[in-house]
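Q: Sequence and computational prediction follow.
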Amino acid sequence: MCYAPSGAPRLLRHLAAGCWWCSELGAAGGSPDHSCFSLGEGGHSSLASAVRCGVSVMARSLSPWLWLRKPIYIQARFSYLHMKYLFFSWLAVFVGSWVVYVEYSSYTELCRGHECKNAICDKFRKGVIDGTACSSLCEKDTLYLGKCLSAKPSNQVYSGSWGDMEGIIKCHMEEVHHYDLAAELEPRREAASFDRPTKGTSVEKFREMVLSHLKAKVGDQANLQDLAALVLGVADANKDGQISLAEARSAWALLQLNEFLLAVVLQGREHTPRLLGFCGDLYVMEKVPYAPLYGISLPWAVELWIPAGLRRSMDQWASPSWPRKAKIAIGLLELVEDVFHGTFGSFLMCDVSAAGFGYTERHDLKVVDARRIVPEAAFQEVMRERRCEVDSDCIYGADCYTSCDFTKHRCTTEVTRPNLAKACGALKDYLLRGAPSDIKEELEKQLYACIALKGATEQMEMEHSLILNNLKTLLWKKISHTKDS
């Protein structure tokens, strides 16, 4: 057994104690360290033995901590990964909740079809308004509002069904007064009041109101009486040859809208959807099966991460075969003809984008959104009174702009780009991609000549007709022998 004299230094006594532990280990069946010797009174060998014994014991006592360090490290790493996982999980929950909230808020703000229906039906039940769709919407419930397609809270757009017909239902949550020459061709309001014509107004007086309004919109046309007759024919909802006050109020509210006026002006033309019915300023248009004109619709969260170049390529990949694209393009050129110096005046296409057009199963072009196809006379009246400091103050929609007269600080009235130039700009990439090699060079040449057209030139009308006819001839000649024509 190891021990130290009572007078030995404190270190030596600690080492001896360690040596005692070593001996006890041996007595318990362990393997005592052979370096543990008895310490006699004085002598170098005793001190050396004690030191060796103590060092051996200290080494043994430290060895468990060396084993414990690895588990502690593993536990710390596990805790770090656990916290990291929890953090990103909560972050995902937060972001997801925010996206759901934003989407829900946007939907509830944009999609207020039930409010519009309730307001319209309330007016109908009170006898204020009437129309071909009122009974189906408010009494029979056969006019059904389906998927919400609204892009603005003020213009409610829904796909829906009316019996066995599919249609697009549009309802305006804002009033459209006469052409206020401030900023918009269709100024905003909260809800249609349907207070015109007033009670006691005769049919002849209403006819005069319609004539005056149409003159302000499309100008003093020689056949203005014919256009007024078309409007009054639409207003007679039950086709009894008489126009009631409720029918007249619905027709007057609709007459303030560009899309309704264009539907009347171009009714019977193949490129304008048919007006199926109306009730107040809610109206139902024929559904266009394929819209937009080209491209695919993606969720806004996906759109944010797609580069513009890739997005354009994706739009082109989703388009029909080239002969079918050529037929659709011819339809757009024919629409330009219809609205340029047409039967009832000229109209300006102020947003010539793919979203405003679609096509049928036979690849005939159809207008999807005609709100930005405006009468030229009304546009000029607005611009004539609009103040400006720079040219950018003289813009309506996306594509209708004039220049600023800096001496008068008023906008000029002539658009700088005609409808055909805008249409060709929208069709350039659409037609050139996949075009047959034998006409591609000539097609590109004619498209660029079309895009270069200016609106305020003396020979604009002649150049307009020449380029339009050349483009149509080139496309028809290439596809006339195919089944797609």
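A: Done, it's in. Just so it is clear, the model here is predicted, and its values are computed rather than measured.

Q: going forward, measure contacts and count neighbours with C-alpha atoms only.
A: Fine.

Q: so what's Val93 scoring on pLDDT?
A: For Val93, the model assigns a pLDDT of 76.

Q: how near is it to Phe87?
A: The gap separating Val93 from Phe87 is 10 Å, by CA to CA, to the nearest Å.

Q: Does Ala370 fall in a helix, a strand, or a coil region?
A: Classification of Ala370 using DSSP: H, G, I helix; E, B strand; the rest coil returns coil.

Q: quick one, what contacts it?
A: With contacts defined as CA atoms under 8 Å, 6 or more residues apart in numbering, Ala370 is in contact with Asn258, Glu259, Leu262, Gly356.

Q: element containing the second one?
A: Element membership for Glu259 (DSSP states H and E) is helix 258-265.

Q: what's that helix in contact with?
A: Contacts for helix 258-265 (CA under 8 Å, 6+ apart): 227, 230-231, 254-255, 272-275, 343-344, 369-375.

Q: ok so, going back, using TSV, lay out the contacts of Ala370 together with pLDDT, neighbour count and distance to Arg386.
A: Written out in TSV, the entries for the contacts of Ala370 read as follows (pLDDT from 0 to 100; neighbours: other CA atoms under 10 Å; distance: CA to CA, whole Å):
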residue	pLDDT	neighbour count	distance to Arg386
Asn258	88	20	20
Glu259	91	19	23
Leu262	91	20	25
Gly356	90	17	27
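
Q: Out of those, which is nearest to Met460?
A: Proximity of the contacts of Ala370 to Met460 (CA to CA) peaks at Leu262, which lies at 24.2 Å.

Q: so who does Leu254 touch?
A: Contacts of Leu254 by CA under 8 Å, 6+ apart are Phe260, Leu261, Gly280, Asp281.

Q: Tell me where the stretch 351-485 of the chain has helices.
A: 376-385, 419-432, 437-451, 460-479 (DSSP state H, counting those that start in this stretch).

Q: What are the buried residues along the third one?
A: This points to helix 437-451. Going by neighbour count (16 or more other CA atoms under 10 Å), the buried part of helix 437-451 is Leu443, Glu444, Gln446, Leu447, Cys450, Ile451.

Q: same check, this time on the last one
A: Buried residues in helix 460-479, counted by 16+ other CA under 10 Å: Glu463, His464, Ile467, Leu468, Leu471, Lys472, Leu475, Trp476, Ile479.

Q: which ones are touching Val339?
A: So Val339 contacts Gly345, Ser346, Phe347, Leu348 (CA under 8 Å, 6+ apart).

Q: now swap in Thr416 and tell me
A: Cys400, Tyr401, Thr402, Ser403, Lys454, Gly455, Ala456.

Q: can we see that at 7 Å?
A: By CA atoms under 7 Å, 6 or more residues apart in numbering, Thr416 lies in contact with Tyr401, Thr402, Lys454, Gly455, Ala456.

Q: Just the buried ones from the residues you listed, in PyMOL syntax?
A: To isolate the buried members of the contacts of Thr416 in PyMOL, using 16+ other CA under 10 Å:
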select buried, resi 401+402+454+455
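
Q: and which of the contacts of Thr416 is nearest Asp195?
A: Of these, the one sitting nearest to Asp195 (CA to CA) turns out to be Tyr401, at 34.3 Å.

Q: Could you check how far that closest one is from Gly309?
A: Distance from Tyr401 to Gly309, counting by CA to CA: 27 Å.

Q: what do you get for Ser465?
A: 34 Å.

Q: pLDDT weak spots in the protein?
A: 1-78, 80, 94, 96-108, 174-192, 297-305, 311-312, 315-316, 456-458, 484-485 (pLDDT under 70).

Q: all strands of it, in order?
A: Secondary structure of the chain by DSSP state E: the strands cover 143-148, 155-162, 165-172, 275-279, 282-286, 347-349, 357-359, 365-367, 373-375, 395-396, 400-401, 404-405, 410-411.

Q: winner for burial among the ones you listed?
A: strand 365-367 (a mean of 26; mean count of other CA atoms under 10 Å).

Q: what's in contact with it?
A: Under CA under 7 Å, 6+ apart, the answer for strand 365-367 is His271, Thr272, Pro273, Val288, Ile328, Gly331, Leu332, Gly356, Phe357, Gly358, Tyr359.

Q: buried stuff in stretch 115-128?
A: Buried-residue list, stretch 115-128, by 16+ other CA under 10 Å: Cys116, Lys117, Ile120, Cys121, Lys123, Phe124, Val128.

Q: let me redo that: stretch 206-219
A: Buried residues in stretch 206-219 (16+ other CA under 10 Å): Phe206, Arg207, Met209, Val210, Leu211, His213, Leu214, Lys215, Ala216, Lys217, Val218, Gly219.

Q: what's the distance between that stretch and the middle of its chain?
A: 36 Å (CA atoms, centre = their mean, to the nearest Å).

Q: swap in stretch 470-481?
A: 34 Å.

Q: And for stretch 143-153?
A: Worked out by CA atoms, centre = their mean, stretch 143-153 lies 14 Å from the chain centre.

Q: returning to that earlier point: now, which of the contacts of Leu254 sits nearest Pro418?
A: The shortest approach to Pro418 among those belongs to Leu261, at 20.8 Å (CA to CA).

Q: Would you enumerate the residues in contact with Lys287?
A: Glu166, Gly167, Ile168.

Q: Try it again at 10 Å.
A: 159-161, 165-169, 273-274, 276, 358, 360, 366, 368 (CA atoms under 10 Å, 6 or more residues apart in numbering).

Q: before we move on, what about Lys440?
A: So Lys440 contacts Leu431, Leu432, Arg433, Gly434, Gln446 (CA under 10 Å, 6+ apart).

Q: Repeat the analysis, applying 8 Å as the threshold.
A: Leu432.

Q: quick one on the thing from earlier: sitting in helices, which of the buried residues of stretch 206-219 do you find?
A: Counted as lying in helices by DSSP state H, out of the buried residues of stretch 206-219, are Phe206, Arg207, Met209, Val210, Leu211, His213, Leu214, Lys215, Ala216, Lys217, Val218.
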